[in-house]
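[1] This is the structure alone, sequence omitted:
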């Protein structure tokens, strides 16, 4: 850390990381839901195993089509863009005509 800049290796402390691509967010969500549902299935009820089945189906759907429920919601609400499917653009927000 340099005394003058207050940063490591001379990089600017104001430098921000690039946003996560859609695929990384989807895999993080899928992993979290699968892990939590598996723990709940072991502790509470075997019916929680339905959740990893739904997650797996949505992952296969995304691989086959480039769309799944979570990807549509994330694209529209958070404007997260895909690296693998850049042609799937978010729709612009609707504005009311005067």
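    Yep, it's here. Note that the structure is predicted; figures quoted are calculated from it, not measured.
[2] now what about the longest helix seen in the chain, what contacts it?
    Counting by DSSP state H, the longest helix found in the chain is helix 22-43. With contact meaning C-beta atoms under 8 Å, 6 or more residues apart in numbering, helix 22-43 is reached by 20, 47-52, 55, 58-59, 62, 68, 70-71, 74-75, 80-84. All C-beta atoms are positioned from the backbone trio N, CA, C, and that covers glycine.
[3] Kindly recompute the last result at 6 Å.
    By C-beta atoms under 6 Å, 6 or more residues apart in numbering, the surrounding residues in contact with helix 22-43 are 48, 49, 51, 52, 55, 59, 70, 80, 82, 83, 84.
[4] check contacts around the second one.
    So the one you mean is residue 49. residue 41.
[5] by contact count, what packs against the helix or strand of the chain with the lowest mean pLDDT?
    One helix or strand of the chain scores below all others by mean pLDDT, DSSP states H and E: helix 69-78, with a mean of 88. Applying 3 or more C-beta pairs under 6 Å, 6 or more residues apart in numbering; DSSP states H and E, we find helix 69-78 packed against no helix or strand.
[6] what's the angle between it and helix 22-43?
    Counting by axes from the mean of the first three to the mean of the last three C-alpha atoms, to 10 degrees, helix 69-78 lies at 130 degrees to helix 22-43.
[7] where does this structure dip in pLDDT?
    1-15, 87-98 (pLDDT under 70).
[8] Nearest to the spatial middle of it, which residue is it?
    Nearest to the mean C-alpha position of the chain, by C-alpha atoms, centre = their mean, lies residue 25 at 1.9 Å.
[9] rewinding a little: pull the distance from the longest helix of the chain to the chain's centre.
    12 Å (C-alpha atoms, centre = their mean, to the nearest Å).
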